[in-house]
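Asker: Please work out how this folds:
(one chain, ligands or ions: 2)
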Amino acid sequence: MSRTILRGRVLTFVSEPRGLDDTESYRFFEDGMIAIADGKVVSTGDYDAAAIGDAEVIDHRPHLILPGFIDMHLHYVQSQMIASYAGSLLEWLSTYTFVEEQKFSQQGHAGAVAAAFYDELIRNGTTTAVAYCSSHPRSVDAFFGEAEKRNMLMVGGKVMMDRNAPEALCDTAQSGYDDTKMLIERWHGRGRGLYAISPRFAITSTPEQLDASRALVAEHPECYVQTHLSENAAEITFSMELYPNSPDYTGIYEDYGLLGRKTLLGHCIHLNHRETHVLAETGSVAVFCPTSNLFLGSGLFDRERLAKSGVRIGVATDIGGGTSYGMLQTMDEAYKILQLRGQRLTPLNSFYMMTLGNARSLSLEGTIGTIAPGCAADLVVLDAAATPAMKLRMETVETLVEELFLLQTLGDDRSIAEVYVAGAKAKSTLGGL
Ligand code: GUN
Ligand code: ZN
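Answerer: Numbers count the residues shown, from 1 in each chain. Ligands and ions are numbered 1, 2, ... in the order given. Coordinates of the predicted model:
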């Protein structure tokens, strides 16, 4: 069994930081090593020259090595419409999104976009993402096919939508069910792929389709469920007109049996007390999408209220409503949103959220999100002096926490020095670099 050893400044979290002084929440090895074999971490700790043997050593000093970033919500099929000028959510969806996603009916389109999308994820240090594909099964084939080629752990699914969208994009309750069933058979558990049953949101699903979704969830408890919840005021009003018998927006998904520990709910900005309580009770995950929430003017996520109520939280880019593929920029905007709310997000908590926090929200702790024996060697190497401005600032940085905050605030894809996917170099081997 051939071993590779990465040498560098290794940082991994073991629990959610309770503040800036919570040194128990992470392990940090200033001159550290990660031994890798068969795509997994074998051991980690202080660098020990005596333990090298015949292993290949790759020296990343003075860079930090962390678990690869995890993105809990994005739409890979929106890669060519990111940065589209619009007012708010519903206008943006009908003007750009539903037009763009129709292109995925064409042969060859999905494959080309998927390849470019994965390159961009890797360029930004993201090794796992949870994605919405379009309503066309071929977009799912392209998504998982490309992940398989790259040996990446990816979660995704065909969006189900059978009303309030152009006809060319709509499925039916029956065809959405049948296609989802077929795609679960084809992709869930193949390679590192995991399937997410994906009714888009209440507005674009009839009660019949939510019924079909309920059946899929009951028949496939091994799969994730993803949808959107409480992003925008007009969206909430329209949803309640369509489902007048439900007590509130969350109640719609609750009534159709769609909530649970594998349910990932994008946005969750305008929840009432009852809704927050239901999310906590069911273990459903509220996914914070900061750049998207700012770009579409959707509102300010209330992390403190949700966390205090016991709601599980994830964080995500929401490409293409979101404006960056990078989790560093995403956390930069998360920090600013919470500033506006009068809430603090420590740099330790930011890096926890992108790694172990999101792994926990996906119930994948022990598989990804930490550097520990048995975990996948999905890793990111970070250069906090990647640009002249960062280099200048680094001259005055004295602590690890300051360095992390600098990476979050000024960092972008240039700060991602290398990425490993299942132990193999993924960034420096990208074409065109
Ligand atoms: N709600 C339903 N679909 C979408 C989408 O594609 N993006 C965002 N941000 N919200 C949605
Ligand atoms: Zn979304």
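Asker: how about the residue in the stretch 251-400 of the chain positioned nearest to ligand 1, secondary structure?
Answerer: The nearest approach of the stretch 251-400 of the chain to ligand 1 comes at residue 321, 3.3 Å away (Cβ to the nearest ligand atom). C-betas here are computed from N, CA, C, even on glycine. Here residue 321 takes the coil state, with states given by DSSP: H, G, I helix; E, B strand; the rest coil.
Asker: any idea how far residue 71 is from the closest residue to it other than its chain neighbours?
Answerer: Leaving aside its chain neighbours, residue 321 sits nearest to residue 292 (3.7 Å; criterion: Cβ to Cβ, 6 or more residues apart in numbering). Distance, residue 292 to residue 71, by Cβ to Cβ, to the nearest Å: 12 Å.
Asker: what does residue 23 give?
Answerer: 27 Å.
Asker: Could you check which of those two has the larger neighbour count?
Answerer: Shown here are residue 23 and residue 71; by other Cβ atoms under 10 Å, residue 71 has more neighbours (30 against 11).
Asker: okay, the more buried one: pLDDT?
Answerer: Residue 71 carries a pLDDT value of 99.
Asker: hang on, it is in a strand, isn't it?
Answerer: Yes. The assignment for residue 71, made by three-state DSSP, places it in a strand.
Asker: Show the backbone phi and psi for the residue nearest to it when sequence neighbours are not counted.
Answerer: Spatial nearest neighbour of residue 71, excluding adjacent residues (Cβ to Cβ, 6+ apart): residue 129 at 4.1 Å. Dihedral angles of residue 129 (phi, psi; degrees, to the nearest 10) stand at phi -140, psi 160.
Asker: rewinding a little: correct me, but the residue nearest to residue 321 touches residue 324?
Answerer: No. Taking contacts as Cβ atoms under 8 Å, residue 292 lies outside contact range of residue 324: 9.8 Å.
Asker: Between these two, which contacts overlap?
Answerer: Residues touching both residue 292 and residue 324 (Cβ atoms under 8 Å, 6 or more residues apart in numbering): residue 317.
Asker: Comparing these two, which residue is more hemmed in?
Answerer: Neighbour tally, residue 292 and residue 324, criterion other Cβ under 10 Å: the higher count belongs to residue 292, 28 against 21.
Asker: mind exporting whichever strand or helix holds the more buried one as CSV, just the C-alpha atoms?
Answerer: Using DSSP states H and E, residue 292 maps to helix 290-295. Taking Å, rounded to 0.1, in the frame of the first residue of the first chain, the C-alpha atoms of helix 290-295 are listed here in CSV:
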residue,chain,number,x,y,z
PRO,A,290,-25.3,34.7,2.4
THR,A,291,-24.2,35.9,-1.0
SER,A,292,-27.5,34.9,-2.6
ASN,A,293,-29.6,36.5,0.2
LEU,A,294,-27.7,39.8,-0.3
PHE,A,295,-27.7,39.6,-4.1
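Asker: Mind checking what helix or strand follows it in sequence?
Answerer: Following helix 290-295 toward the C-terminus (DSSP H and E): helix 303-308.
Asker: Residues contacting that following helix, please?
Answerer: Contact with helix 303-308 is made by 268, 271, 276, 279, 286, 288, 313, 338, 341, 343, 345, as judged by Cβ under 8 Å, 6+ apart.
Asker: which of these are buried?
Answerer: Buried subset of the contacts of helix 303-308 (neighbour count, 16 or more other Cβ atoms under 10 Å): 268, 271, 276, 279, 286, 288, 313, 338, 343, 345.
Asker: Point me to the residue of the stretch 251-400 of the chain nearest ligand 2.
Answerer: Going by Cβ to the ion, ligand 2 is nearest to residue 266 of the stretch 251-400 of the chain, at 4.5 Å.
Asker: if you average pLDDT over the helix or strand hosting that residue, what comes out?
Answerer: Per DSSP H and E: residue 266 is located in strand 263-267. Summarised as a single mean, pLDDT over strand 263-267 is 99.
Asker: Next: stretch 169-184.
Answerer: 98.
Asker: One more: stretch 2-11?
Answerer: Stretch 2-11 shows a mean pLDDT of 96.
Asker: So which bits of it are buried?
Answerer: The neighbour-count check on stretch 2-11 (16+ other Cβ under 10 Å) flags 3, 4, 5, 6, 7, 8, 9, 10, 11 as buried.
Asker: now do stretch 253-271
Answerer: For stretch 253-271, by 16+ other Cβ under 10 Å, it's 253-256, 258-259, 262-271.
Asker: give the contact list for the residue nearest the centre of the chain.
Answerer: In the chain, the C-alpha nearest the mean C-alpha coordinate belongs to residue 71, at 1.6 Å (Cα atoms, centre = their mean). By Cβ under 8 Å, 6+ apart, the contact list for residue 71 reads 121, 126, 128, 129, 130, 316, 317, 327, 330, 358.
Asker: overlap in contacts of residue 292 and residue 71?
Answerer: In terms of Cβ under 8 Å, 6+ apart, residue 292 and residue 71 are both contacted by the residues residue 317.
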